[in-house]
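Asker: Any chance you could fold what I've pasted below:
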Amino acid sequence: MLKPIILLPLFLFLLPETSRAQYIMLGNAKEMPNGCIQLTPDVPYSEGIAYNENKLDLNRHFQIEFDIYLGNKDEGADGITFVVHDDPRGFGAFGNWGECMGYGRFNPNGDGNSISPSIAIEFDTYQNPWQNDPASDHVAYLQNGISMHQEHWNGDDLSFDLEDDRLHSFYFRWDPVKKNITVVLDGEIVFNGNRDLMKDIFSGKSQVIWGFTASTGRAHNHQYFCLRRLASNN
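Answerer: Now for the predicted structure:
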């Protein structure tokens with residue numbers, strides 16, 4: 001079982017003062033000297049999770065902006081997810097390693113270990129046919145701990161690469177009036193969809209946990225995130 005540690009990031013320089021918070025970290029997650037949060041070191045079979053202690057309120061508009069780093073090896077694995085959840089395990093929730101990226105379960109029809117109820121945005125860097133992955137790196141929307149997906153975004157580019165030794169900017173926006181989720185990666189919309197999160201996912205609850213998960217398998221990469229800004233309004 002992954003064991004939690006609690007660390008205070010040294011800098012989240014664009015966060016409003018009231019949003020500065022500790023992260024609860026599981027597994028291999030740890031604070032880096034530059035204030036970013038490592039999720040996995042560049043070693044096989046690693047798993048790391050970091051949850052912000054401040055819950056999100058789904059009754060309010062919010063936008064979370066961050067940078068992600070997915071490594072420098074095209075043959076590396078496995079990726080990062082941004083997750084919003086109300087799993088009964090709370091800040092101790094985690095999923096399977098490897099292709100499930102610390103979020104989901106290997107078999108979509110099985111019980112398995114996964115984070116649920118939840119939604120997640122995966123940044124997947126390794127093709128796993130069991131999860132219906134394309135040959136390229138890609139982004140996909142996931143629900144309720146199921147890693148398998150029917151749709152993905154890769155810019156229709158079979159050479160799309162997130163393991164390019166660069167930070168990639170990302171934001172997640174929630175509009176509670178329109179029940180709309182917008183996901184932007186490096187300035188391009190990669191997911192835009194309507195979901196009634198409170199009704200259809202979280203059984204009427206509005207306060208939810210958010211954070212990041214990542215894992216490696218036989219293949220591996222150094223993976224981390226840097227939170228840039230959390231903005232919210234009524």
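
Asker: Show me what counts as buried in the longest strand belonging to the chain.
Answerer: Using DSSP state E, we find that the single longest strand of the chain is strand 223-233. The neighbour-count check on strand 223-233 (16 or more other CB atoms under 10 Å) flags Gln223, Tyr224, Phe225, Cys226, Leu227, Arg228, Leu230, Ser232 as buried. Bear in mind the C-beta positions are built from the backbone N, C-alpha and C, glycine included.

Asker: Go ahead and confirm the second one touches Gly35.
Answerer: Read that as Tyr224. No. Counting by CB atoms under 8 Å, Tyr224 stays clear of Gly35, with 10.5 Å between them.

Asker: Give me the local confidence score for the residue most central in space within the chain.
Answerer: What sits nearest the mean C-alpha location of the chain, by CA atoms, centre = their mean, is Phe82, with 1.7 Å. For Phe82, the pLDDT comes out at 98.

Asker: And the one 3 residues further on, by the same measure?
Answerer: In the predicted model, His85 carries a pLDDT score of 98.

Asker: Report the contact partners of the residue nearest to Asn233 when sequence neighbours are not counted.
Answerer: Distances taken as CB to CB, 6 or more residues apart in numbering put His61 closest to Asn233, at 5.2 Å, once the chain neighbours are dropped. His61 makes contact with Arg173, Trp174, Asp175, Pro176, Val177, Ser232, Asn233, Asn234, according to CB atoms under 8 Å, 6 or more residues apart in numbering.

Asker: on that earlier part again, and the buried residues of strand 223-233, which is the shakiest by pLDDT?
Answerer: For the buried residues of strand 223-233, the least confident position by pLDDT is Ser232, scoring 82.

Asker: Confirm for me that that one is in contact with Leu58.
Answerer: No. Using CB under 8 Å as the test, Ser232 is too far from Leu58 to be in contact (10.8 Å).

Asker: Bridged to Ile80, which residues?
Answerer: With DSSP bridges as the criterion, Ile80 is bridged to Phe123, Ala214.

Asker: Show the pLDDT at Ala219.
Answerer: pLDDT, Ala219: 97.

Asker: ok, it to Tyr126 distance?
Answerer: From Ala219 across to Tyr126, the span is 6 Å (CB to CB, to the nearest Å).

Asker: quick revisit: filter the contacts of His61 to the buried ones?
Answerer: The neighbour-count test (16+ other CB under 10 Å) marks Arg173, Trp174, Pro176, Ser232 as buried among the contacts of His61.

Asker: before we move on, the earlier item: quick check, the residue nearest to the centre of the chain in contact with Ile119.
Answerer: No. If you go by CB under 8 Å, Phe82 and Ile119 don't touch, sitting 9.2 Å apart.

Asker: contacting residues around the closest residue to Lys30 other than its chain neighbours?
Answerer: With CB to CB, 6+ apart as the criterion, Lys30 has its nearest non-adjacent residue at 5.3 Å, and that residue is Gln38. If you count contacts by CB under 8 Å, 6+ apart, Gln38 has them with Asn28, Ala29, Lys30, Glu31, Met32, Gly48, His222, Gln223, Tyr224.
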